[in-house]
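Undergrad: Predicted model and sequence below, questions to follow.
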Amino acid sequence: MNCSKCFTENENDALFCKNCGTSLYTGTTNHKTKNKIMDILVFISIAYWFAMDFLNVIIRIFIDNWYDSPFKYFQMGTNLIYAAIPIIIALSIKSKGLKIPAIIFAGLIACYIFYNNIDWVIKGY
Ligand SMILES: [Zn+2]
């Protein structure tokens, strides 16, 4: 990749020109791919959230004493994966000022979900 300012030849993956320090990051292709991956992750998270809650409702309706059956482990497993959803949503925020507090809140939610599920394993439902 040639620098747009001084035309020095640089490595293709270089972020700055080795001669003049001009940014070589075009910010289009990489950024678009990254945004698309985040959009897909957020979409999958929400679809997962919907599907698992739907399944949980079905289990609670049709299986008596579901909390004594192996389904409680299913429930625990889905709860733990839920902890990742706020983190993925927080990571998809573009504004830096909002992203950091969102990641902190998401981390606290994840800790709370982990705590609740560990508590559940120890004390029972
Ligand atoms: Zn240059």
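TA: On my side now, so go ahead. Predicted, not measured: the structure shown is a model, and the values here were computed from it.
Undergrad: can we go C-alpha only for contacts and neighbour counts from here?
TA: Fine.
Undergrad: Could you show which parts of this structure are in contact with the ion?
TA: Neighbours of the ion within the chain, by C-alpha under 5 Å from the ion: 3, 6, 17, 19-20.
Undergrad: Take those residues and lay them out in CSV including neighbour count, pLDDT and secondary structure.
TA: Output for the residues of the chain next to the ion, formatted as CSV (neighbours: other C-alpha atoms under 10 Å; pLDDT from 0 to 100; DSSP: H, G, I helix; E, B strand; the rest coil):
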residue, neighbour count, pLDDT, secondary structure
Cys3, 18, 86, coil
Cys6, 12, 92, coil
Cys17, 22, 90, coil
Asn19, 13, 92, coil
Cys20, 12, 92, coil
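Undergrad: Export the residues you listed to a markdown table and append columns for distance to Pro86.
TA: Formatted as a markdown table, the residues of the chain next to the ion follow (distance: C-alpha to C-alpha, whole Å):
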| residue | distance to Pro86 |
| --- | --- |
| Cys3 | 40 |
| Cys6 | 45 |
| Cys17 | 38 |
| Asn19 | 43 |
| Cys20 | 42 |
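Undergrad: quick one: which of those residues is nearest to Ile81?
TA: Cys17 (42.6 Å; C-alpha to C-alpha).
Undergrad: how about the closest one, what does it touch?
TA: 3, 8, 10, 23-24 (C-alpha atoms under 8 Å, 6 or more residues apart in numbering).
Undergrad: All set, thanks.
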